[in-house]
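Enquirer: Below are the sequence and a predicted model; questions follow.
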Amino acid sequence: MECAKLDAPWLADRIKPAITWTWSEGATERQAKLMVNSVYDILKKHKVHKEKVGIDIMDMWIYEAFKQKGVNVVNAWPTMSEARVIKTVDELECLKQACAIGDSCYYMIRDEWLKPGIRESELVALCNKFLYEKGFEHVYELICASGGHTNPYRRWFTDKIGGPGHLRPRGLRARRLFHRLRAHLHVR
């Protein structure tokens, strides 16, 4: 909470602690109800607790907790999907920059790093280092698989050493606004 207050001081009196339920094991139902109660309290405070509440993604724990509380939950996925398509000039510029950095990372993979003997984990480490040095705030879901790890397709990397001709599907997912690419590269 203190970090949130430092990052967004104009919201200081309106910041509420996050209540998570997903990883609370045996307390999932209780935590889901606590989270829904905190949302309901805010809805009631603003006199909209009888209105429809649109949610784009939720699990069954949350759905059941909202239902038990009497909240009229509706599917907001179509509306949110349409809204996500709209971009400001600044967002478009961020996407262009992210794509340029992603392209340069693929260039480094293809022309500098991808050689027989490199391990999948080493290639992922090089990509992480490169993206952070270029200003990415968060790098996640770097997908690297070679040889037999490509069929069935695995979405994680190992210490497997790549050999000549091994196909390496790659996926970069990082936040500089957001950037996702897929490519198929061969070890030279």
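Expert: Nice, I can see it. For clarity, every value in this text was computed on a predicted model and none was experimentally measured.
Enquirer: Quick check: beta-bridge partners of the spatially closest residue to residue 155 that is not a sequence neighbour?
Expert: Spatial nearest neighbour of residue 155, excluding adjacent residues (Cβ to Cβ, 6 or more residues apart in numbering): residue 143 at 5.5 Å. In short, each C-beta sits where N, CA and C put it, glycine included. Beta-bridge pairing for residue 143 (DSSP bridges): residue 171.
Enquirer: swap in residue 54?
Expert: Beta-bridge pairing of residue 54 under DSSP bridges involves residue 74.
Enquirer: got the contact list for residue 55?
Expert: Contacts for residue 55 (Cβ atoms under 8 Å, 6 or more residues apart in numbering) come out as 62, 66, 73-76.
Enquirer: Tell me the one among those nearest to residue 54.
Expert: residue 76 (3.0 Å; Cβ to Cβ).
Enquirer: Skipping its backbone neighbours, what lies nearest the closest one in space?
Expert: Nearest to residue 76 is residue 54, by Cβ to Cβ, 6+ apart, at 3.0 Å.
Enquirer: Over to residue 154?
Expert: Of all residues not flanking residue 154 in the chain, residue 145 sits nearest, at 5.0 Å (Cβ to Cβ, 6+ apart).
Enquirer: Pull up the per-residue confidence for that neighbour.
Expert: We have a pLDDT of 75 for residue 145.
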